[in-house]
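# missing the sequence, but the structure's below:
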């Protein structure tokens with residue numbers, strides 16, 4: 001193909017030569033955690049590139065000299081490593097993929113946060129729907145990060161988990177430490193400080209309730225949990241505590257809280273089964289069947305999401321080495337999504353189009369991008385790659401129309417990489433618009449003076465306008 005492929009989603013910043021970017025926020029907090037406090041970074045992932053980035057990119061960016069990263073591919077082995085660190089009183093930050101070997105890491109996350117509630121845990125996922133986020137936070141995630149993620153952004157997220165920036169968050173973190181150590185008077189004191197700063201703070205009321213419960217004051221605990229729920233009806237923790245309190249007692253109360261939890265976080269399969277069993281205890285088989293059926297449907301939908309994730313990973317892995325197979329995988333992914341395609345699937349469409357273009361199938365790529373633009377007509381990545389597909393087919397006028405739509409939405413889009421300005425210049429050259437061809441090829445060479453394709457195009461533009469030399 002005559003025109004280079006370029007995925008717009010892979011470029012996050014435009015070239016800025018005058019001043020280097022400022023250092024990422026919070027890197028000192030992460031550096032202190034790993035060096036001054038001899039902390040450990042535990043990674044549970046099959047993503048070799050991500051692990052390599054963490055070992056090299058993050059540690060180099062933070063200038064960490066000690067080996068403080070433990071990478072695992074198996075949840076049981078990772079849990080064993082975490083136990084060893086916990087026994088040695090080493091502070092631990094855990095990064096865990098949402099999907100591992102095609103299965104969710106839900107049980108691993110739940111186990112870690114149950115056994116070691118003070119450890120910090122970040123979940124890495126490709127999925128960011130409201131319901132999936134609710135489930136991840138419910139089972140104990142301190143933060144959720146969407147892949148792909150830059151090193152700077154990840155360090156910032158790690159810092160936010162290690163050392164919360166707000167005063168209330170710091171007090172909450174301290175209160176949790178004292179709660180874990182059974183220092184209830186200190187917990188109550190910190191909660192009073194939080195409530196003085198924010199009246200009816202649900203997290204402070206929750207902490208008071210947990211302190212009362214651990215101290216054997218069940219009625220006072222229930223009262224605090226009720227206050228926390230009233231202060232924030234969508235906050236899951238008070239409802240979970242209230243349900244637990246009534247689990248072996250008042251069936252109606254227990255069911256009421258479980259149904260509220262289900263309405264807020266509907267992807268919890270185990271809870272749906274528990275609600276069904278609760279209806280069995282009440283001798284209401286029809287209601288029990290309704291929730292058992294919902295549990296099955298939810299589990300099937302979850303399995304479908306995991307399948308799509310696996311296929312997507314395969315497709316991206318094959319994109320450079322086997323575009324034909326990559327295209328097939330992306331098509332399987334999109335077929336599996338069926339009528340549930342959304343803006344979250346634009347990356348798959350974009351990548352499938354690139355796989356098609358790598359095979360010279362520009363017409364199929366055009367059709368692919370047209371389908372994707374029905375989902376999100378404003379996505380400039382799609383518009384740009386749509387233009388490239390037309391350019392591959394020597395349909396440069398159509399390509400220029402699309403480039404101009406992109407530049408109308410983002411006037412600095414062509415500054416993101418030399419190849420972008422080159423591609424635009426190339427289409428202008430082919431429609432004999434030498435003026436604009438000069439403009440964009442000069443920009444390409446300003447961004448990268450050694451860009452070979454731009455140098456060659458510059459010569460052709462110069463030959464097309466001998467009386468109007470091109471600035472080199």
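Ah, there it is. These numbers were taken from a predicted model, which means no experiment stands behind them.

# list the contacts of the helix or strand residue 271 falls within.
Using DSSP states H and E, residue 271 maps to helix 269-281. Under the criterion C-beta atoms under 8 Å, 6 or more residues apart in numbering, residues 251, 254-255, 258-259, 261-262, 265, 285, 287-292, 294-295, 298-299, 302 lie in contact with helix 269-281. In this view, the C-beta of every residue, glycine as well, is placed from N, C-alpha and C.

# ok, now with 10 Å
Residues outside helix 269-281 that contact it (C-beta atoms under 10 Å, 6 or more residues apart in numbering) are 106-107, 110, 135, 138, 240, 243, 247, 251-252, 254-255, 258-259, 261-262, 265-266, 268, 284-302.

# just the strands in this protein please.
Counting by DSSP state E, the chain has strands at residues 40-44, 69-72, 92-97, 99-100, 103-104, 120-125, 143-146.

# rank those by pLDDT, which is bottom?
The minimum mean pLDDT among the strands of the chain belongs to strand 103-104 (a mean of 80).

# to residue 176, which of the strands of the chain lies closest?
strand 120-125 (11.0 Å; C-beta to C-beta).

# that closest one: how far from the chain's middle?
9 Å (C-alpha atoms, centre = their mean, to the nearest Å).

# tell me what it is packed against?
If you count contacts as 3 or more C-beta pairs under 10 Å, 6 or more residues apart in numbering; DSSP states H and E, strand 120-125 packs onto strand 40-44, strand 92-97, helix 106-115, helix 130-138, strand 143-146, helix 151-162.

# looking at these, spot the one closest to residue 183.
Short answer: helix 106-115, nearest of the helices and strands packed on strand 120-125 by C-beta to C-beta, at 19.8 Å.

# so which elements touch the closest one?
Against helix 106-115 (3+ C-beta pairs under 10 Å, 6+ apart) you get strand 40-44, helix 75-87, strand 92-97, strand 120-125, helix 130-138, helix 269-281.

# the residue positioned nearest the centre of the chain bridge partners, please.
The centre of the chain sits closest to residue 146, judged by C-alpha atoms, centre = their mean, with a distance of 0.7 Å. For residue 146, the beta-bridge partners are residue 125 (DSSP bridges).

# pull out the buried positions in stretch 432-449.
By neighbour count on 16 or more other C-beta atoms under 10 Å, the buried set for stretch 432-449 is 433-434, 436-438, 440-445, 447-448.

# quick check: of the residues you listed, which lies closest to residue 222?
The closest of these to residue 222 turns out to be residue 447 (C-beta to C-beta; 63.9 Å).

# the closest residue to the closest one other than its chain neighbours: neighbouring residues, count only.
Nearest residue to residue 447 in three dimensions, chain neighbours excluded: residue 418, at 4.3 Å (C-beta to C-beta, 6 or more residues apart in numbering). Residues lying near residue 418 (other C-beta atoms under 10 Å) number 24.

# if we can go back for a sec, report the buried members of the contacts of helix 269-281.
Applying 16+ other C-beta under 10 Å to those flags 106, 135, 138, 240, 243, 254-255, 258, 261-262, 265-266, 268, 287-288, 291-292, 294-295, 298, 302 as buried.

# have a look at the chain and report its longest helix.
helix 285-318 (DSSP state H).

# tell me the pLDDT of residue 255.
93.

# how about residue 288?
Looking at residue 288, its pLDDT reads 94.

# which residue sits closest to it, ignoring its sequence neighbours?
residue 279 (3.8 Å).

# that neighbour: how many residues sit nearby?
The number of residues packed near residue 279 is 19, by other C-beta under 10 Å.

# how much space between residue 284 and residue 278?
9 Å (C-beta to C-beta, to the nearest Å).

# picking up where we left off before, in terms of secondary structure, what does the longest helix of the chain contact?
strand 99-100, strand 103-104, helix 130-138, helix 251-264, helix 269-281, helix 323-337, helix 346-358.

# just so I know, which of those lies nearest residue 406?
helix 346-358 (13.5 Å).

# could you check the angle helix 285-318 makes with the closest one?
Orientation check (axes from the mean of the first three to the mean of the last three C-alpha atoms, to 10 degrees): helix 346-358 against helix 285-318 gives 40 degrees.

# how far does helix 346-358 sit from its chain's centre?
21 Å.

# so the residue nearest to residue 447 touches residue 450, yeah?
Yes. At 8.9 Å, residue 418 and residue 450 qualify as touching, with contact defined as C-beta atoms under 10 Å.

# how many other residues sit next to residue 340?
Residues within reach of residue 340, counting by other C-beta under 10 Å, total 12.

# could you pull up the residues touching it?
301, 304, 305, 308.

# out of those residues, the closest to residue 351 would be?
Closest approach to residue 351 among the contacts of residue 340 (C-beta to C-beta): residue 308, at 13.6 Å.

# pretty sure residue 34 is touching residue 54, no?
No. At 11.5 Å, residue 34 does not count as touching residue 54 under the criterion of C-beta under 10 Å.

# now do the shared contacts for those two.
Contact with both residue 34 and residue 54 is made by residues 41, 69, according to C-beta under 10 Å, 6+ apart.

# between these two, who's got more neighbours?
Between residue 34 and residue 54, counting by other C-beta under 10 Å, residue 34 is the more crowded of the two (23 against 19).

# so what's that one closest to, chain neighbours aside?
Nearest to residue 34 is residue 68, by C-beta to C-beta, 6+ apart, at 5.0 Å.

# look up how far residue 148 lies from that neighbour.
Separation of residue 68 from residue 148 (C-beta to C-beta): 23 Å.

# wait, residue 224 touches residue 213, no?
Yes. Under the criterion of C-beta under 10 Å, residue 224 makes contact with residue 213 at 8.7 Å.

# joint contacts of these two?
Common neighbours of residue 224 and residue 213 (criterion: C-beta under 10 Å, 6+ apart): residue 241.

# ok, these two, which is more surrounded?
residue 224 (24 against 18).

# which residue sits closest to that one in space, ignoring its chain neighbours?
In space, residue 224 is closest to residue 209, 3.3 Å off (C-beta to C-beta, 6+ apart).

# and that neighbour, what does it touch?
191, 217, 220-229, 237-238, 241-242, 245.
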